[in-house]
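Participant: Coordinates for the following, if possible.
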Amino acid sequence: MMTWVKELQRQYVAGRRKLEKYREKLLAEEPSETVIREMEIVKGMIADMSYAIEWMRSGRQPNSARGADIRDAYKRSVLMDMDLIPNAPPQQESRITEEQKAEVAKLLLKLSERELQCYLLHISQGLSFSEIGKELKLAKSSVQQFVTRAKAKVAQAI
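Facilitator: Model (predicted):
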């Protein structure tokens, strides 16, 4: 049985082969400004397709070293932009500074993907372990373990 991912990989590989044949045809032509421009476009398309194929095969961002893709700048900025920690009520003067938010984001990036999901749903959304389990299709005990581990990591980092 072929999954949609395998089918997509097959289509990308077939498309890349067609582009490579077209590139060979362009190489056989007399070089002109149009042919050179077309070659650059085709070369970029082949590179993009190769990158996508590698990503689909490995399940990870290509050329990333030891999980560095998990802790990239994009994820950090998403955590910074999220309103995970609500501001204090107006009558209270304590507010969370941008530096403190950056520290919290840095700390959260140390958690595994599942720990982060469960921890945020439990702490910031106030969901119970059962509710999180239903949402993520996990056992209540698994959710409890993820939250416990995340809390321990947070406590250790503080």
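
Participant: Return the helix or strand in this structure with minimum mean pLDDT.
Facilitator: One helix or strand of the chain scores below all others by mean pLDDT, DSSP states H and E: helix 73-81, with a mean of 53.

Participant: Look through this structure and report the residue furthest from the middle.
Facilitator: Of all residues in the chain, residue 30 has its C-alpha farthest from the mean position, at 43.7 Å, by Cα atoms, centre = their mean.

Participant: so who does that residue touch?
Facilitator: Taking Cβ atoms under 8 Å, 6 or more residues apart in numbering as the definition of contact, residue 30 has no neighbours. All C-beta spots, glycine's among them, are computed from the backbone N, C-alpha and C.

Participant: Which per-residue confidence value corresponds to it?
Facilitator: Residue 30 carries a pLDDT score of 88 in this model.

Participant: For residue 137, give me the backbone phi and psi.
Facilitator: Main-chain torsions, residue 137, degrees, to the nearest 10: phi 60, psi 50.

Participant: and residue 52, what does it touch?
Facilitator: Applying Cβ under 8 Å, 6+ apart, the residues near residue 52 are residue 12.

Participant: Can you tell me the SS state at it?
Facilitator: What DSSP: H, G, I helix; E, B strand; the rest coil gives for residue 52 is helix.

Participant: which ones are touching residue 53?
Facilitator: 9, 12-13, 16.

Participant: For burial, what's the neighbour tally of residue 120?
Facilitator: 19 (other Cβ atoms under 10 Å).

Participant: before we move on, which element is it in?
Facilitator: Under the criterion of DSSP states H and E, residue 120 resides in helix 113-123.

Participant: what residue ranges in the chain score low on pLDDT?
Facilitator: Where the chain drops to pLDDT under 70, the residues are 1-2, 59-96.

Participant: how does this protein divide into domains?
Facilitator: When the chain is parsed with automatic domain parsing, its domains come out as 4-58, 70-157.

Participant: Out of these, which one sits most buried?
Facilitator: Greatest average neighbour count among these goes to domain 70-157 (a mean of 14), per mean count of other Cβ atoms under 10 Å.

Participant: roughly how far out does the helix holding residue 120 sit from the chain middle?
Facilitator: Counting by Cα atoms, centre = their mean, to the nearest Å, helix 113-123 is centred 16 Å from the centre of its parent chain.

Participant: Repeat that for stretch 15-26.
Facilitator: Chain-centre distance of stretch 15-26: 31 Å, with Cα atoms, centre = their mean.

Participant: mind exporting that stretch as CSV, just the C-alpha atoms?
Facilitator: This file holds the C-alpha atoms of stretch 15-26, laid out as CSV (Å, rounded to 0.1, in the frame of the first residue of the first chain):
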residue,chain,number,x,y,z
GLY,A,15,9.5,15.4,-12.1
ARG,A,16,13.2,15.8,-11.2
ARG,A,17,14.2,13.2,-13.9
LYS,A,18,12.1,15.1,-16.5
LEU,A,19,13.9,18.4,-15.5
GLU,A,20,17.3,16.7,-15.8
LYS,A,21,16.4,15.4,-19.3
TYR,A,22,15.3,18.9,-20.2
ARG,A,23,18.6,20.3,-18.9
GLU,A,24,20.5,17.9,-21.0
LYS,A,25,18.5,19.0,-24.0
LEU,A,26,19.3,22.7,-23.2
